[in-house]
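In: just coords:
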């Protein structure tokens, strides 16, 4: 017999979801059958699987050691390590300044992603232990393109992961990016359109009118400063679609510098030759939280800001784009 006491990171989820993590190698039919036969109980009683778990609940599995080991998720796992720039951290969430070139989430090819690095960081700092990872896995709440830098929010507790993910889904915060674009822009603009994703080539198409399978997009930008050829923009992402900022700005005739998919080839070659730039100059800069953040009280009214990456700053300096007088928005 195995006995488990529900901890804070495991509370707030359905019992069957918990069992699916605890016995991740077992088909769902197995643990439903075990619940019917009372070989799996919750607080000493027969369970249906739809019960919401609370801290302190007791789970008992009347299974042989061989059966438990066969289906259990409690296996030794190795996690990638990398030096992460943590911008903010509390007991439920943390924010990381992701460098360009790092995946936000696993891609399926075995390349380590921010999720693996995050898990390694939490294990190394003692925020989580191996036992925690049996039924809870930390994760990121927003995704940046591999070659986009900046703020990625992560949940280090179940509360943090659930509530912060819901806030991103419901667009309950303001998200601001910095990017360097081709051309001169002098005025703030609010642009709308429709985005259609071509899954085969992982590219999106922007149109003024709705097309089949397209999604509405909204973007607001305002110029910070320019050098007569290129403009540094602050972009507010109102909707959050795949490649939205890059494709939307390109459709306006102002592609992001260094963008190999939607960018200007001549400009990209210039930045590659002069600065060895291999990715787009697009940086998730600030997230501004509302006054009401539910259970995540520490985030209420808070602004989280990620420093501009070194190469981005070098390009701005080299192009004589002076941002020192525009700190009010940066």
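Out: Happy to help now that I have it. Please read these numbers as outputs of a predicted model, since none were measured by experiment.
In: okay, CA-based contacts and neighbour counts for the rest of this
Out: Will do.
In: what's the closest non-adjacent residue to residue 223?
Out: residue 233 (4.6 Å; CA to CA, 6 or more residues apart in numbering).
In: check contacts around residue 64.
Out: residue 1 (CA atoms under 8 Å, 6 or more residues apart in numbering).
In: residues near the residue nearest to residue 223, how many?
Out: 22 (other CA atoms under 10 Å).
In: my guess is it contacts residue 245, does it?
Out: No - Residue 233 lies out of contact with residue 245 (CA atoms under 8 Å); the separation is 11.1 Å.
In: The helix or strand that contains the residue nearest to residue 223 - contacts with which helices or strands?
Out: Assigned by DSSP states H and E, residue 233 falls within strand 230-237. On a contact count with 3 or more CA pairs under 8 Å, 6 or more residues apart in numbering; DSSP states H and E, strand 230-237 meets strand 174-182, strand 215-226.
In: how big is the angle separating whichever helix or strand comes after it from strand 215-226?
Out: Remark: after strand 230-237, the chain's next helix or strand is helix 244-251, criterion DSSP H and E. With axes from the mean of the first three to the mean of the last three CA atoms, to 10 degrees defining the directions, helix 244-251 sits at 70 degrees from strand 215-226.
In: How far off centre is helix 244-251?
Out: Offset of helix 244-251 from its chain centre (CA atoms, centre = their mean, to the nearest Å): 20 Å.
In: Also stretch 249-260?
Out: The chain centroid and the centroid of stretch 249-260 are separated by 23 Å under CA atoms, centre = their mean.
In: Same check on stretch 159-177?
Out: With CA atoms, centre = their mean, you get 10 Å for stretch 159-177.
In: Helices along the stretch 1-150 of the chain, start to end?
Out: 15-22, 28-36, 65-71, 114-125, 132-135 (DSSP state H, counting those that start in this stretch).
In: Can you say which of the ones you listed is nearest to residue 252?
Out: Nearest to residue 252, of all the helices of the stretch 1-150 of the chain, is helix 114-125, at 32.0 Å by CA to CA.
In: Show me the contact partners of that closest one.
Out: 79-82, 84, 98, 102-106, 128-130, 137-140, 156.
In: Of those residues, which belong to strands?
Out: Among the contacts of helix 114-125, the ones falling in strands (DSSP state E) are 98, 139, 140.
In: and the first one, how many neighbours does it have?
Out: Residue 98 is surrounded by 26 other residues when neighbours are defined as other CA under 10 Å.
In: That one touches residue 147, doesn't it?
Out: No - using CA under 8 Å as the test, residue 98 is too far from residue 147 to be in contact (9.6 Å).
In: and the least confident of the ones in strands among the contacts of helix 114-125?
Out: Lowest pLDDT of the ones in strands among the contacts of helix 114-125: residue 139, 92.
In: low-confidence ranges in this protein?
Out: 73-78, 324-330 (pLDDT under 70).
In: Identify the residues contacting the spatially most central residue of it.
Out: Taking CA atoms, centre = their mean, the centroid of the chain lies closest to residue 142, which sits 2.4 Å from it. Applying CA under 8 Å, 6+ apart to residue 142 gives the contacts 152, 153, 154, 165, 168.
In: now the residues you listed in a markdown table, with neighbour count and distance to residue 219?
Out: Output for these, formatted as a markdown table (neighbours: other CA atoms under 10 Å; distance: CA to CA, whole Å):
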| residue | neighbour count | distance to residue 219 |
| --- | --- | --- |
| 152 | 22 | 20 |
| 153 | 27 | 21 |
| 154 | 24 | 24 |
| 165 | 19 | 21 |
| 168 | 16 | 16 |
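In: Going by distance to residue 266, which of those wins?
Out: residue 152 (31.0 Å).
In: need the contact list for that closest one.
Out: Shown in contact with residue 152 (CA under 8 Å, 6+ apart): 95, 96, 97, 98, 104, 140, 141, 142, 143, 144.
In: residue contacts, residue 102?
Out: Counting by CA under 8 Å, 6+ apart, residue 102 has contacts 113, 114, 146, 147.
In: got the residues you listed as TSV, with neighbour count and distance to residue 315 columns?
Out: Conversion of the contacts of residue 102 to TSV gives the following (neighbours: other CA under 10 Å; distance: CA to CA, whole Å):
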residue	neighbour count	distance to residue 315
113	19	27
114	25	26
146	16	20
147	20	16
